[in-house]
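Colleague: need a structure here:
(2 chains)
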Amino acid sequence: MKRYAIGLAALLLACTAGAASAQTMSYAQAGALIAKSCGPSIDKFCSKFNLGSGQIQQCLSQHQDQVPAQCFTDYSAVVASISKRVAAQEGAFKVCGNNVRQFCTGVQPGDGNILNCLLESSKVVSGSCKQVLLDAGWQ
Amino acid sequence: MTRYLSLAARLAGGVALAAVLAGPLTTAASAQTNLSNAQILQGLTATTNDEPTVTAKLLRQMVEAAVAQNQPLDLNRSAIAAQLYKLAQITVQIQFALDSAIIRPESYETIGSIADALHHPILWNYHFLIVGNTDATGTRAHNLQLSQDRADAVMQALVTLYRVSPARLEAVGLGQEALQTPATPKDPINRRVQFFNIGLE
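Modeller: Residues are numbered from 1 along each chain as shown, chains lettered A, B, ... in the order given. As a prediction, this is how the structure comes out:
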């Protein structure tokens, strides 16, 4: 019960800190943004290309005069956000390495255990570690 | 189990989670279309250390043999079904263009939410099976190919746009052979994509 209470406190802390400087969208939000800004254009001009074929952006560019500018802006923003989030996720435990060694010795890696430990230690975890966890979407 | 619940509860902000969707392939329960991130994560979290031996290759061999011999795929009574039933899993509705493997833009978000779960430390060591299904409209052979193409398309979106490692994913189509509602085989609810957690390697 105490463990859960600490977890909840960490979540509240993350919420207040996170709301001000959330920097990468979730992958779901990324997909939703492409659909919202580019969906009608994709349906009209690029309906034979699939998500993940790597060809939708190019197809949209070929219809530049008919596709809203917002679509291009948002698609680029999505690609950048995904890259940033992936980089944060891949680098997070290195960035948080000192904190892991300090607060999470003896925690069995795997199944999110170390992340759990870091989140529960959020009052003492360093700023750069907090930031990378935020960018990774794990706060 | 407590550990998963506390982390998942954290993701949900402490709100009670809906029931996990684990169940047999032909359950009568309706497939949810709007799973929250926490539900997806919890649904896919492995709850056992047993190493499952289900692979896409095995499933594909079974289903291709059944269709080629014009036999029903008796998945319910097979050992494979028993294993699949035990795996952590979720079912999602993904919209494709008619008779095509082109994913409709309104489903980009759903695939993204799967990526969010697969990129989470709780799941990032695990491998997943992506299973495509159709309803019974059209021929068995055609539906088999269509569902494989669709499972492949979902996998490609996850790998190329959302940067999930392809080594963690396998895609297989079961056509109309594992209907969720066998009593109403043309019900569109059968046109679903399932994700199974098949373990650490």
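
Colleague: any weak-confidence spans in the chain?
Modeller: The chain I'm using is chain A. Within chain A, the stretches with pLDDT under 70 are A:1-23.

Colleague: if you could check chain B rather than the one you did, that'd help
Modeller: In chain B (pLDDT under 70), the answer is B:1-34, B:48-52, B:75-78.

Colleague: run through the helices of chain A in chain order.
Modeller: A:2-21, A:27-45, A:56-62, A:69-95, A:97-103, A:113-120, A:127-135 (DSSP state H).

Colleague: cool, and chain B?
Modeller: Ranges of helices within chain B are B:2-11, B:37-44, B:56-68, B:79-86, B:108-118, B:140-160, based on DSSP H.

Colleague: give the buried residues for the fourth one.
Modeller: Judged by neighbour count using 16 or more other Cβ atoms under 10 Å in any protein chain shown, the buried positions of helix B:79-86 are B:80-81, B:83-84. Every C-beta, even on glycine, is put in place using the N, C-alpha and C of the backbone.

Colleague: which helices and strands does that helix pack with?
Modeller: helix B:56-68 (3 or more Cβ pairs under 8 Å, 6 or more residues apart in numbering or on different chains; DSSP states H and E).

Colleague: identify each buried residue in the helix it packs on, please.
Modeller: Within helix B:56-68, the residues that count as buried by 16+ other Cβ under 10 Å are B:56, B:59-60, B:62-64, B:66-67.

Colleague: between that helix and helix B:140-160, how many degrees?
Modeller: 160 degrees (axes from the mean of the first three to the mean of the last three Cα atoms, to 10 degrees).

Colleague: relative to helix B:79-86, how tilted is helix B:56-68?
Modeller: Helix B:56-68 and helix B:79-86 are oriented at 130 degrees to each other (the same axes, to 10 degrees).

Colleague: please enumerate residues in contact with helix B:56-68?
Modeller: With Cβ atoms under 8 Å, 6 or more residues apart in numbering or on different chains as the test, helix B:56-68 has contacts from B:71-75, B:78, B:80, B:129, B:131, B:140-141, B:144, B:148, B:170-175, B:177.

Colleague: kindly recompute the last result at 10 Å.
Modeller: Applying Cβ atoms under 10 Å, 6 or more residues apart in numbering or on different chains, the contact partners of helix B:56-68 are B:55, B:71-75, B:78, B:80-81, B:83-84, B:129-131, B:139-145, B:147-148, B:151, B:155, B:169-178, B:196, B:198.

Colleague: kindly export that helix (C-alpha atoms) in PDB.
Modeller: Coordinates of each C-alpha in helix B:56-68 appear next as PDB, following Å, rounded to 0.1, in the frame of the first residue of the first chain:
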ATOM      1  CA  ALA B  56       3.800 -17.200 -37.100                       C
ATOM      2  CA  LYS B  57       5.300 -20.000 -39.200                       C
ATOM      3  CA  LEU B  58       3.400 -22.700 -37.300                       C
ATOM      4  CA  LEU B  59       0.100 -20.900 -37.400                       C
ATOM      5  CA  ARG B  60       0.600 -20.200 -41.100                       C
ATOM      6  CA  GLN B  61       1.300 -23.900 -41.900                       C
ATOM      7  CA  MET B  62      -1.800 -24.900 -40.100                       C
ATOM      8  CA  VAL B  63      -4.100 -22.500 -41.700                       C
ATOM      9  CA  GLU B  64      -2.700 -22.900 -45.200                       C
ATOM     10  CA  ALA B  65      -3.100 -26.700 -44.900                       C
ATOM     11  CA  ALA B  66      -6.700 -26.300 -43.700                       C
ATOM     12  CA  VAL B  67      -7.600 -24.000 -46.600                       C
ATOM     13  CA  ALA B  68      -5.800 -26.100 -49.300                       C
END
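
Colleague: distance of the residue nearest to residue A:43 when sequence neighbours are not counted relative to residue B:91?
Modeller: Nearest non-adjacent residue to residue A:43, counting by Cβ to Cβ, 6 or more residues apart in numbering or on different chains: residue B:105, 6.9 Å away. Separation of residue B:105 from residue B:91 (Cβ to Cβ, to the nearest Å) stands at 21 Å.

Colleague: for the helices of chain B, could you give me JSON lines that also reports distance to residue A:57?
Modeller: Converted to JSON lines, these look like this (distance: least, Cβ to Cβ, whole Å):
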{"stretch": "helix B:2-11", "distance to residue A:57": "31"}
{"stretch": "helix B:37-44", "distance to residue A:57": "26"}
{"stretch": "helix B:56-68", "distance to residue A:57": "30"}
{"stretch": "helix B:79-86", "distance to residue A:57": "37"}
{"stretch": "helix B:108-118", "distance to residue A:57": "13"}
{"stretch": "helix B:140-160", "distance to residue A:57": "12"}
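
Colleague: let me know which of the ones you listed is the nearest to residue A:70.
Modeller: Ranking these by proximity to residue A:70 (Cβ to Cβ) places helix B:108-118 first, at 16.2 Å.

Colleague: hmm, that closest one touching chain A?
Modeller: Yes: using Cβ under 10 Å from any Cβ of the partner chain, helix B:108-118 reaches chain A at B:108-118.
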